[in-house]
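# What follows is a predicted protein model with its sequence.
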Amino acid sequence: MKILLFGKGGQVGWELQRSLAPLGEVVALDHDSSDYCGNFGNLTGLVDTVRELKPDLIVNAAAHTAVDQAESEPELVRSLNALAPGVLAQEAARLGAWLVHYSTDYVFDGSGSRAWTESDAPAPLNVYGQTKLEGEQLIQAAGARHLIFRTSWVYAARGGNFAKTMLRLAQERERLTVIDDQFGAPTGAELLADVTAHAIRQVWQRPGDGGLYHLVAGGETSWCGYANYVLSQARLAQPALKMRTSEAVPVPSSAFQTSARRPHNSRLDTRKLQTTFGLSLPPWQQGVARMLAEIL
């Protein structure tokens, strides 16, 4: 199997290079790759790359994910999050290849408290969510065989993440305030990559299992609950770690002014994924604890 991976330098893309390697030859590209075009702002270049490489599988881990910044550059974000994935889907359909793509909880408006299912109607609140939803729709309309995984609150040991920020701020500040009215599941890039590889193996044998799935770690928490778990685990792992504050103080979303509106309810129901692919998704705390053990 020849696999073309976009977004190799991101958190998910980095882990995918590991998880996809046993499946076949992986050509991994980033926006500044020189041999082939991995720049999602260059749609013609993307088409040329796919047509030259003729992959059996395209995996797209590239996206514009700066949610607040997206509000001020909607056309660029649309090109990266919607038009480029749509072009890849058209080329995948022409080749008879599979396309794997990652989407987001931000396609929903965050109302209520029930976990969102794949059949619930999307209603994004911001440019990021709107463009990610359009990307899903363009992929589905292209008619390519595909897997779309909606996920949330992605982190990895590599690069910046929420946990690292909380640890740094706890060492710098005597008072740490964190939002407590947005709920979701912190999901590790490692988990996303491993489930992706598992799902690809299955749909290769059972193409009817392709489609749209929610993929997040088990359980739920608020950003404040996430922060306090990180701080408590850090104290256990590194008792000598000097933190000026030992606990985050809960505050509402209104305490922080942001350009983009964010959903309060980012819970995603993963029963369809677990049933279809025979998986049991671990609690979010398990992945976060493993990540902290690596960075501390």
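Yep, that arrived.

# Could you verify my assumption that residue 104 touches residue 131?
No. Between residue 104 and residue 131 there is no contact under Cβ atoms under 8 Å: 9.9 Å. (C-beta placed from N, C-alpha, C; glycine too.)

# With adjacent residues omitted, what lies nearest to residue 292?
Ranked by Cβ to Cβ, 6 or more residues apart in numbering and with sequence neighbours excluded, the top spatial neighbour of residue 292 is residue 233, at 5.1 Å.

# Could you check which helix or strand contains the one you found?
helix 223-237 (DSSP states H and E).

# Okay, strands next: where are they in the stretch 51-200 of the chain?
All strands of the stretch 51-200 of the chain, identified by DSSP state E, counting those that start in this stretch, fall at 57-60, 98-104, 145-151, 154-155, 176-179, 183-184, 187-188.

# Nearest to residue 263 among those would be which one?
strand 183-184 (8.6 Å; Cβ to Cβ).

# Give me the mean pLDDT for the closest one.
Mean pLDDT, strand 183-184: 97.

# Check stretch 57-70 too.
The model assigns stretch 57-70 a mean pLDDT of 94.

# now swap in stretch 145-158 and tell me
95.

# Just the CA trace of it, in PDB.
Output of stretch 145-158 as PDB, limited to C-alpha atoms (Å, rounded to 0.1, in the frame of the first residue of the first chain):
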ATOM      1  CA  ARG A 145     -14.100   6.100  -0.100                       C
ATOM      2  CA  HIS A 146     -13.300   7.900   3.200                       C
ATOM      3  CA  LEU A 147     -13.000   7.900   6.900                       C
ATOM      4  CA  ILE A 148     -13.700  11.200   8.700                       C
ATOM      5  CA  PHE A 149     -12.900  11.300  12.400                       C
ATOM      6  CA  ARG A 150     -14.200  14.200  14.500                       C
ATOM      7  CA  THR A 151     -12.200  14.700  17.600                       C
ATOM      8  CA  SER A 152     -11.600  17.300  20.400                       C
ATOM      9  CA  TRP A 153      -9.000  18.900  22.700                       C
ATOM     10  CA  VAL A 154      -6.000  17.200  21.000                       C
ATOM     11  CA  TYR A 155      -2.700  17.100  22.700                       C
ATOM     12  CA  ALA A 156       0.700  15.400  22.400                       C
ATOM     13  CA  ALA A 157       4.000  15.300  24.300                       C
ATOM     14  CA  ARG A 158       5.700  16.900  21.300                       C
END
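
# Would you reformat the strands of the stretch 51-200 of the chain as TSV and include distance to residue 163?
Output for the strands of the stretch 51-200 of the chain, formatted as TSV (distance: least, Cβ to Cβ, whole Å):
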stretch	distance to residue 163
strand 57-60	26
strand 98-104	20
strand 145-151	17
strand 154-155	6
strand 176-179	12
strand 183-184	14
strand 187-188	11
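
# can you pull the buried residues of the helix holding residue 233?
Within helix 223-237, the residues that count as buried by 16 or more other Cβ atoms under 10 Å are 223, 224, 225, 226, 227, 228, 229, 230, 231, 233, 234.
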